[in-house]
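>>> Let's see this in three dimensions:
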Amino acid sequence: MATGPQWTCEIVTAHGNKVGQDGTMMTEDLELWKHDPVDCVKELIGNPAFRNLISYVPQRAYADRAGLKRIFDEM
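This is a model prediction of the structure:
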(Lines give C-alpha, C1' and ligand atoms only; values in the text may rest on other atoms or scores of the structure.)
Protein backbone atom coordinates (compact mmCIF):
# COMPACT_ATOMS: atom_id res chain seq x y z
CA MET A 1 0.00 0.00 0.00
CA ALA A 2 1.50 3.27 -1.12
CA THR A 3 -0.44 5.30 1.45
CA GLY A 4 -2.09 4.44 4.72
CA PRO A 5 -0.68 2.39 7.59
CA GLN A 6 2.97 2.75 8.39
CA TRP A 7 5.46 -0.02 7.78
CA THR A 8 7.13 -1.54 10.83
CA CYS A 9 10.24 -3.69 10.87
CA GLU A 10 10.85 -6.61 13.20
CA ILE A 11 14.07 -8.62 13.31
CA VAL A 12 13.36 -12.36 13.42
CA THR A 13 15.89 -15.13 13.81
CA ALA A 14 15.60 -18.04 11.38
CA HIS A 15 17.04 -21.32 12.63
CA GLY A 16 18.50 -23.44 9.87
CA ASN A 17 19.08 -27.15 9.46
CA LYS A 18 22.85 -26.96 8.84
CA VAL A 19 25.66 -27.06 11.37
CA GLY A 20 28.10 -24.14 11.23
CA GLN A 21 31.86 -24.20 11.66
CA ASP A 22 31.48 -23.76 15.40
CA GLY A 23 29.39 -26.96 15.66
CA THR A 24 26.06 -25.25 16.38
CA MET A 25 23.01 -24.98 14.16
CA MET A 26 23.25 -22.01 11.82
CA THR A 27 20.93 -19.02 12.34
CA GLU A 28 20.28 -15.85 10.39
CA ASP A 29 18.65 -12.59 11.46
CA LEU A 30 16.09 -11.40 8.92
CA GLU A 31 14.07 -8.21 8.53
CA LEU A 32 10.29 -8.74 8.56
CA TRP A 33 8.52 -5.67 7.18
CA LYS A 34 4.80 -5.55 7.88
CA HIS A 35 1.62 -3.49 8.20
CA ASP A 36 -0.92 -3.87 10.98
CA PRO A 37 -3.74 -5.85 9.24
CA VAL A 38 -6.48 -4.04 11.20
CA ASP A 39 -5.12 -0.66 10.04
CA CYS A 40 -5.03 -2.00 6.45
CA VAL A 41 -8.69 -3.03 6.60
CA LYS A 42 -9.63 0.36 8.07
CA GLU A 43 -7.74 2.09 5.24
CA LEU A 44 -9.44 0.01 2.54
CA ILE A 45 -12.94 0.45 4.00
CA GLY A 46 -12.44 4.18 4.50
CA ASN A 47 -10.90 4.82 1.07
CA PRO A 48 -13.45 6.58 -1.17
CA ALA A 49 -11.83 5.04 -4.28
CA PHE A 50 -13.30 1.68 -3.26
CA ARG A 51 -16.74 2.98 -2.18
CA ASN A 52 -18.62 1.33 -5.07
CA LEU A 53 -16.43 -1.79 -5.22
CA ILE A 54 -16.82 -3.22 -1.71
CA SER A 55 -19.84 -5.30 -0.75
CA TYR A 56 -20.82 -5.67 2.90
CA VAL A 57 -23.61 -8.20 2.45
CA PRO A 58 -23.59 -11.70 0.99
CA GLN A 59 -24.86 -12.05 -2.56
CA ARG A 60 -26.19 -15.09 -4.40
CA ALA A 61 -24.27 -16.00 -7.54
CA TYR A 62 -25.38 -18.45 -10.21
CA ALA A 63 -23.46 -20.26 -12.95
CA ASP A 64 -26.43 -20.27 -15.33
CA ARG A 65 -28.86 -17.61 -16.53
CA ALA A 66 -31.87 -19.55 -15.24
CA GLY A 67 -30.55 -19.37 -11.67
CA LEU A 68 -30.60 -23.14 -11.16
CA LYS A 69 -26.90 -23.78 -10.50
CA ARG A 70 -25.81 -21.77 -7.47
CA ILE A 71 -22.15 -20.95 -6.81
CA PHE A 72 -20.93 -21.12 -3.21
CA ASP A 73 -17.70 -19.20 -2.62
CA GLU A 74 -16.04 -16.73 -0.29
CA MET A 75 -17.52 -13.28 0.10
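>>> residue ranges of the strands in the chain, please?
8-19, 25-34, 61-62, 70-71 (DSSP state E).
>>> now the longest one against strand 25-34, angle please.
Between strand 8-19 and strand 25-34, the angle comes out at 160 degrees (axes from the mean of the first three to the mean of the last three CA atoms, to 10 degrees).
>>> tell me what strand 8-19 is packed against?
strand 25-34 (3 or more CB pairs under 8 Å, 6 or more residues apart in numbering; DSSP states H and E). Heads up, the C-betas are built off the backbone N, CA and C, glycines and all.
>>> so who does the spatially closest residue to residue 39 that is not a sequence neighbour touch?
Of all residues beyond its chain neighbours, the one nearest residue 39 is residue 5 (3.7 Å), with distances taken as CB to CB, 6 or more residues apart in numbering. Residue 5 makes contacts with 35, 36, 39, 40, 43, as judged by CB atoms under 8 Å, 6 or more residues apart in numbering.
>>> how far away is the residue nearest to the spatial centre of the chain from residue 43?
Geometric centre of the chain, nearest residue: residue 37, 7.3 Å, by CA atoms, centre = their mean. Distance of residue 37 to residue 43, given as CB to CB, to the nearest Å: 11 Å.
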